[in-house]
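Asker: Sharing a sequence plus its predicted fold:
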Amino acid sequence: MISAIGNTVAENRTALQEGKCGITSLSLLSSKYAGIMPFGEIKITTEELKKKLNATEPGVTRTSLLALHAFNEAINDSKLSSEEIISFDTALIGASTVGGMCLTDELYNDANKKDGGSEYLSSYDCASVNIYLQERYKMNGPVNTINTACSSSANAIMYGSRLIKSGRAKRAIVGGVDSLAKFTINGFNALHILSSDICTPFDEQRKGLNLGEGAAFLILEKEEDTIGKKIYAVVSGYCNSNDSFHPSSLSDEGDGPYLAMKGALDMANLRKDEISFINAHGTATENNDAVESTAMLRLFGKVPAFASTKSNIGHTLAAAGAIEAVYSILNLTHQEVYPSLHYNRPITKTGLVPVQTYQKMPLQHVMSNSFGFAGNCSSLIFSTI
């Protein structure tokens, strides 16, 4: 993985333990909001990424480069052979919302040309990232791109799991990526949900979210194929629901989040008191945090320990589900939880208080929530071996 607090999984873990916040002023992306709003920007230039990754192909975007960076780390850690990668039973399920549209100005210019066009014409499609990975690694198995806003890569993990469970794939490389772009910055600003300060998830005085960028990929395999391999966790439960309430808001009752969390519990055959920790969606917007809090109270009664790592890296959109899945697996692997940063006082209506300090604690089942626009809500449960 790669995010605003680290270029590898190990670097991210260290930063989380130390309570590091990677949300700063923009220094690489040109935007009129650069000095006005903070963002979770990865401080590596696109040219540096190209050089480091030996990405010499024409039309490669920053989004594809971030994906390749994380994809490489996942492949190297899993020790998948080239034969396994190109096998027809190896699936690639990736998620992105912005894709090649991170080149907002180039897209605008190309859209207004009468003929010709730039080298990026084939990169604007949302599927361009996975097509790039597929071609780079010469993959032959099922490839799919999921775009369900903030729940995209959680759904990629879910879809990859279902491909394996149904026998359509032997293994699945799943994840998501998004880079910062004028397209998303201007769009989210138009919704009036970007904060001029560093975000404060689950705080009474929260002002909105900070956009971030990043990528994460995980390798899913059938249990019988993991003998002798390092197993980090089991995908024990998942569920997707939709409360069909509003294009960019969740219902006050939290129907979508409630059904997603309950469905994941039911699939995992777990009691609600068996969830040790929740990596909350926790965007720090007025609607999301209130609704997620309501849904957690509605389902659990006594809510387990929870926190939002978006206070460290911002909201990475389609990458969020996969990044937070990695964070949840780190929770389990090292029996530790990471705090919500910048929190001061609870939301009056719900009174829930997130974890505020780095802690060691026994963990067996961790839930990770990803609730997207249009009420597309997904919950994943990861469990120890």
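Answerer: Perfect, I can see it now.

Asker: only C-alpha atoms for contact and neighbour calcs from this point on.
Answerer: Will do.

Asker: From start to finish, how long is stretch 160-176 in a straight line?
Answerer: 12 Å (C-alpha to C-alpha, to the nearest Å).

Asker: Pull the residues that contact the helix or strand of the chain with the lowest mean pLDDT.
Answerer: Lowest on mean pLDDT, DSSP states H and E among the helices and strands of the chain sits helix 104-111, with a mean of 84. By C-alpha atoms under 8 Å, 6 or more residues apart in numbering, the residues outside helix 104-111 that reach it are 101, 117, 118, 120, 121, 124, 181, 182, 183.

Asker: residues touching the nearest residue to residue 244 once chain neighbours are set aside, list them.
Answerer: Nearest non-adjacent residue to residue 244, counting by C-alpha to C-alpha, 6 or more residues apart in numbering: residue 375, 5.7 Å away. Residues in contact with residue 375 (C-alpha under 8 Å, 6+ apart) are 241, 242, 243, 244, 245, 246, 247, 248, 249, 250, 256.

Asker: distance of residue 375 from residue 325?
Answerer: 20 Å.

Asker: Domain map for the protein?
Answerer: 9-225, 234-383 (automatic domain parsing).

Asker: got the end-to-end distance for the longest one?
Answerer: It stands for domain 9-225. 24 Å.

Asker: how distant is that domain from the center of its chain?
Answerer: Averaging C-alpha positions (C-alpha atoms, centre = their mean, to the nearest Å) puts domain 9-225 9 Å from its chain's average.

Asker: what about the helices in the stretch 201-350 of the chain?
Answerer: For the stretch 201-350 of the chain, the helices defined by DSSP state H, counting those that start in this stretch cover 255-268, 286-300, 310-313, 320-334.

Asker: okay, those helices, which one's buried deepest?
Answerer: helix 310-313 (a mean of 29; mean count of other C-alpha atoms under 10 Å).

Asker: Next, format the helices of the stretch 201-350 of the chain as JSON lines and append distance to residue 152.
Answerer: Formatted as JSON lines, the helices of the stretch 201-350 of the chain follow (distance: least, C-alpha to C-alpha, whole Å):
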{"stretch": "helix 255-268", "distance to residue 152": "14"}
{"stretch": "helix 286-300", "distance to residue 152": "17"}
{"stretch": "helix 310-313", "distance to residue 152": "16"}
{"stretch": "helix 320-334", "distance to residue 152": "7"}
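
Asker: so which of these gets nearest residue 67?
Answerer: helix 320-334 (11.6 Å; C-alpha to C-alpha).

Asker: re earlier: relative to residue 337, which of the contacts of helix 104-111 is nearest.
Answerer: When the contacts of helix 104-111 are compared against residue 337 (criterion: C-alpha to C-alpha), the nearest one is residue 181, at 31.0 Å.

Asker: Nice, that's everything, thank you.
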